[in-house]
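A.B. asks: my questions concern the predicted model and sequence given below.
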Amino acid sequence: MSLDSPVERVVEHEHPLVSHPASEPAVIVEHLARRFGPRVVLHDLSFTVDASQAFGIVGANGSGKTVLLRLIASLDRPTGGRIEVHGYDTLRTPRAVRDRVGYLPEEPMLYDGLTAEQYLEFVGRARGLGKQVRQVAVDTLLQVVGLDERRWRDVSSFSPGERRRLALASALVHEPDVLLLDDPLRGLDGFARLEQIEVLRELHRLGSTMVMAATRPEDALEVCDSVAVLRDGTLVWSGDATAAAALAAPQYANSVRVRAEVIDQLEAAVTLLSQRRDIQELEVDEDGRNIWFLFSGDEEALAALLPQLIRAGASVAHFGVERRSPAAAVARLFHEDATR
């Protein structure tokens, strides 16, 4: 049974299903805001996603990623601003938007007691697909997500990675124009994570438009063309893999990045380092153990720095030159005190 009102159905009928030029953005978000009572969850977001682009949105838990995806999927209503999916407004034509969107939630619900094929058949019927179209879609998607040989296995016997891939297939049954993915690699490690990454990359190669939310920047950087950082409901940075690598590079010429892991007397170590003119961008990780800084002195001065820390009373478990990964550099932007 549809949840849409008769008025919405009349409005949508005025916008017939048509193909859209490749030059038209797949998703347009303009000045989007969402509040729940006095709490502002999203504030003045504006961005576009081109057709066939894989666009990543990364941020800490509670930054607003899931709310944003639900708004794009027309499963929630914005407090302000507007969203279009291939020209269809999420408020004026929500049913048309839902026809064009495949949504994979962070915790997908699967029905134990059904086989993989039966589950996708069920989803296809719910989407109103005819028997022949439905069967072709099921056969194709089971191959795409690597579950063809498991099609007759009960869903309850699937591993976490297999369940994620089946849920992904269910979001693709109706051939959506835009795929919305809420942390699709969450909880997956090792081979299961690599399998899911390869499936997402293959979908991207086949031309799928994807908007992917992730808590770990490395997940989005593995799959997406570009990534944006959402912090406390506001977009604070966006860029591609090259821009992320630039964030990880030292800001100052002729300098190296150093990590010191201090297991005791951290404050004494920070005090000593902060007084030196050859040290910039001094920061302490959230774990309260690792100190990072840029050092512009020569090798002799760097070698002398470790004994100085020890004489100051610090217990140093590690000291050496290291390069911050692009993912770690992007993750720093999750916090307001990040300098870059």
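C.D. replies: It's in.

A.B. asks: mind checking the SS state of residue 46?
C.D. replies: Recorded secondary structure, residue 46: strand (DSSP: H, G, I helix; E, B strand; the rest coil).

A.B. asks: my guess is it meets residue 33, correct?
C.D. replies: No - Residue 46 is not in contact with residue 33 according to Cβ atoms under 8 Å; the separation is 10.7 Å. From N, CA and C alone the C-beta is placed, and that goes for glycine too.

A.B. asks: neighbour count winner among the two?
C.D. replies: residue 33 (16 against 11; other Cβ atoms under 10 Å).

A.B. asks: quick one on the thing from earlier: give me the common contacts of residue 46 and residue 33.
C.D. replies: Taking Cβ atoms under 8 Å, 6 or more residues apart in numbering as the contact rule, residue 46 and residue 33 both touch residue 81.

A.B. asks: now the closest residue in space to residue 69 that isn't next to it in sequence: how far from residue 59?
C.D. replies: Leaving aside its sequence neighbours, residue 69 sits nearest to residue 180 (Cβ to Cβ, 6 or more residues apart in numbering; 4.8 Å). Using Cβ to Cβ, to the nearest Å, one gets 15 Å for the distance from residue 180 to residue 59.

A.B. asks: can you give me the helices for the protein?
C.D. replies: Secondary structure of the chain (DSSP state H): helices at 6-13, 65-72, 94-100, 116-126, 131-144, 160-172, 190-205, 217-223, 241-248, 266-274, 299-311, 326-332.

A.B. asks: least confident of these, on average?
C.D. replies: Confidence, taken as mean pLDDT, is least for helix 6-13 of those (a mean of 36).

A.B. asks: so what are the structural domains in this structure, by residue number?
C.D. replies: Using automatic domain parsing, the domain ranges for the chain come out as 6-238, 249-332.

A.B. asks: so what's residue 100 up against?
C.D. replies: By Cβ under 8 Å, 6+ apart, the residues touching residue 100 are 85-86, 88, 176-178.

A.B. asks: redo that, cut-off 10 Å
C.D. replies: Counting by Cβ atoms under 10 Å, 6 or more residues apart in numbering, residue 100 makes contact with 17, 20, 26, 73-74, 85-88, 93, 174-178, 209.

A.B. asks: and residue 34, by the same measure?
C.D. replies: Going by Cβ under 10 Å, 6+ apart, residue 34 touches 40-43, 45, 64, 67-68, 70-71, 76-81, 233.

A.B. asks: what do you get if the cut-off is 6 Å, keeping everything else the same?
C.D. replies: Remark: with contacts taken as Cβ atoms under 6 Å, 6 or more residues apart in numbering, residue 34 is in contact with 41-42, 67, 78-79.

A.B. asks: and for residue 104?
C.D. replies: By Cβ under 6 Å, 6+ apart, residue 104 lies in contact with 167-168, 171, 181, 184.

A.B. asks: need the distance between the two termini of stretch 102-112.
C.D. replies: One end of stretch 102-112 sits 22 Å from the other (Cα to Cα, to the nearest Å).

A.B. asks: what comes up buried for it?
C.D. replies: Neighbour-count burial for stretch 102-112, counted by 16 or more other Cβ atoms under 10 Å, picks out 102-105, 108, 110.

A.B. asks: what's the spacing between residue 236 and residue 300?
C.D. replies: Residue 236 is 39 Å from residue 300, by Cβ to Cβ.

A.B. asks: and what of residue 25?
C.D. replies: 55 Å.

A.B. asks: of the two, who's got more company?
C.D. replies: residue 25 (18 against 8).

A.B. asks: correct me if wrong: that one contacts residue 46.
C.D. replies: No - using Cβ atoms under 6 Å, residue 25 makes no contact with residue 46, being 11.9 Å away.

A.B. asks: any common contacting residues for the two?
C.D. replies: Applying Cβ under 6 Å, 6+ apart, one finds that no residue jointly contacts residue 25 and residue 46.
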